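A.B. asks: Need the 3D shape of this:
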Amino acid sequence: MDIKEIEEKTHIDRLEAFAKEKGFPYYTNSSVKNHHLIQDERYTSTKFIVFDLDQIVENLFLVFYDAYSTKAFTQKSYCGLFKSISECDGEIKMIKRDWFDIFNFKKRLKTGDYYLDKHISIYSDLLEINRSVIDPKAIRDFVEINNKILALELSTICESNSIVPELNGKDLVALKTNSWIVDKAELTLFIEKGSKLLKRIK
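C.D. replies: Below you'll find the predicted structure:
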């Protein structure tokens, strides 16, 4: 067992303990055999743990996912809240704005609100922002959470390929970051604030 495997095992142990303490149903890659996972030849090892947060918000899941290949030197890691939505007209991604956004040639949508446009960047192939998905209150909530948890993105996903059977093939809204949140206080904050944000989005 290498160092990374030991670290991930420790993280999963901590997350399992957290789920048990909070009373969240959960499952891991070692507890399920036929999980909904898009196979990718680049990745030789996959680990995940999924919390069912339906008791907080209907159809809400917290997913911790990590896949890597020592041979190809590739890795994909994230944790995030995922919730099914009624309709996805087009995929949207919202991130905290940074100075290097000026070098991003993707189409950036503006809200028309100076404060919001100063703090966040919204990218989409859509001609305008879908206000039923991302309204000014949702954006302000996103900015607030992002001030406490780094590297967050809020996005919509059309017909997802999800490892969660209840979400696979559905349209989703997701709030996620590119690393696992394992600190107990930070994770509690993420679930509390993030679930309230996603609950607003139908």
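
A.B. asks: those strands in the chain, which residues are they?
C.D. replies: For the chain, the strands identified by DSSP state E occupy 26-28, 45-52, 60-69, 74-84, 92-96, 108-109, 120-124, 152-157, 172-177, in order along the chain.

A.B. asks: Just put those in JSON lines and tack on distance to Gly194, mean neighbour count and mean pLDDT.
C.D. replies: In short, each C-beta sits where N, CA and C put it, glycine included. Conversion of these to JSON lines gives the following (distance: least, CB to CB, whole Å; neighbours: other CB atoms under 10 Å; pLDDT from 0 to 100):
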{"stretch": "strand 26-28", "distance to Gly194": "17", "mean neighbour count": "17", "mean pLDDT": "91"}
{"stretch": "strand 45-52", "distance to Gly194": "12", "mean neighbour count": "21", "mean pLDDT": "88"}
{"stretch": "strand 60-69", "distance to Gly194": "8", "mean neighbour count": "21", "mean pLDDT": "88"}
{"stretch": "strand 74-84", "distance to Gly194": "5", "mean neighbour count": "19", "mean pLDDT": "88"}
{"stretch": "strand 92-96", "distance to Gly194": "13", "mean neighbour count": "19", "mean pLDDT": "87"}
{"stretch": "strand 108-109", "distance to Gly194": "22", "mean neighbour count": "17", "mean pLDDT": "78"}
{"stretch": "strand 120-124", "distance to Gly194": "16", "mean neighbour count": "20", "mean pLDDT": "84"}
{"stretch": "strand 152-157", "distance to Gly194": "9", "mean neighbour count": "22", "mean pLDDT": "91"}
{"stretch": "strand 172-177", "distance to Gly194": "5", "mean neighbour count": "22", "mean pLDDT": "94"}
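
A.B. asks: Which of the ones you listed sits closest to Ala138?
C.D. replies: strand 152-157 (7.7 Å; CB to CB).

A.B. asks: What is that closest one packed up against?
C.D. replies: Secondary structure elements in contact with strand 152-157, counted by 3 or more CB pairs under 8 Å, 6 or more residues apart in numbering; DSSP states H and E, are strand 92-96, helix 136-146, strand 172-177.
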